[in-house]
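Undergrad: everything below, folded, please.
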Amino acid sequence: MGDCFFICMNFQYSRLSEWPLRLGLAAVFIYSSYGLFFNPQDWIGYMPVWFQNLLPVAPESYLKFQALAELACAFSFLTGFLLRWAALVAAAEMLGILLFNGIDAVTFRDMAILGAALSVFLARHESAANN
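TA: Below is the predicted model:
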């Protein structure tokens, strides 16, 4: 009985410790998606020109699509629906930003979001492997 108690407590603790990450990520992506959707012109300058040239649509249209994808990630972080996929998409987005935008005044923020998204992804991977 003692082993079960500690295993169950460890499982509940790991889920509980995940919530601040999930809520923080949801807030970031809700905030970002609002700006991307309603003010895409404010964000175009952050897109590398070579990337804009690859787009089959206008950059503003792409950013509105990105806003919807980020809103879907936020929904997932809040509800847990397809959580691992949302965490993977969020991590991939931040990794792409870090690799292709270079280091600037807000690089630390992107690194923190990448770390949080990877933590949620890995926590879900570990819990799936242990169950």
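Undergrad: spatially central, which residue of this structure would that be?
TA: The centre of the chain sits closest to residue 90, judged by Cα atoms, centre = their mean, with a distance of 2.8 Å.
Undergrad: contact partners for it?
TA: Listed by Cβ atoms under 8 Å, 6 or more residues apart in numbering, the contact set of residue 90 reads 25, 29, 73, 113, 117. For every residue, glycine as well, the C-beta is placed using N, CA and C.
Undergrad: can you tell me what sits against the helix or strand hosting the last one?
TA: In this assignment (DSSP states H and E), residue 117 forms part of helix 107-130. Surrounding helix 107-130, the residues in contact under the criterion Cβ under 8 Å, 6+ apart are 11, 14-15, 18, 21-22, 24-25, 28, 77, 83-84, 87-88, 90-91, 94-95, 97-98.
Undergrad: what do you get for stretch 43-59?
TA: In contact with stretch 43-59 (Cβ under 8 Å, 6+ apart) are residues 35, 36, 40, 60, 62, 63, 65, 100, 101.
Undergrad: and it, which residues are buried?
TA: Across stretch 43-59, burial judged by 16 or more other Cβ atoms under 10 Å covers 43, 47, 59.
Undergrad: in TSV: those, plus pLDDT and distance to residue 109.
TA: Listed next are the buried residues of stretch 43-59 as TSV, based on pLDDT from 0 to 100; distance: Cβ to Cβ, whole Å:
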residue	pLDDT	distance to residue 109
43	94	15
47	92	17
59	97	22
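Undergrad: show me those residues that map onto helices.
TA: Residues from the buried residues of stretch 43-59 lying in helices, with DSSP state H as the criterion: residue 59.
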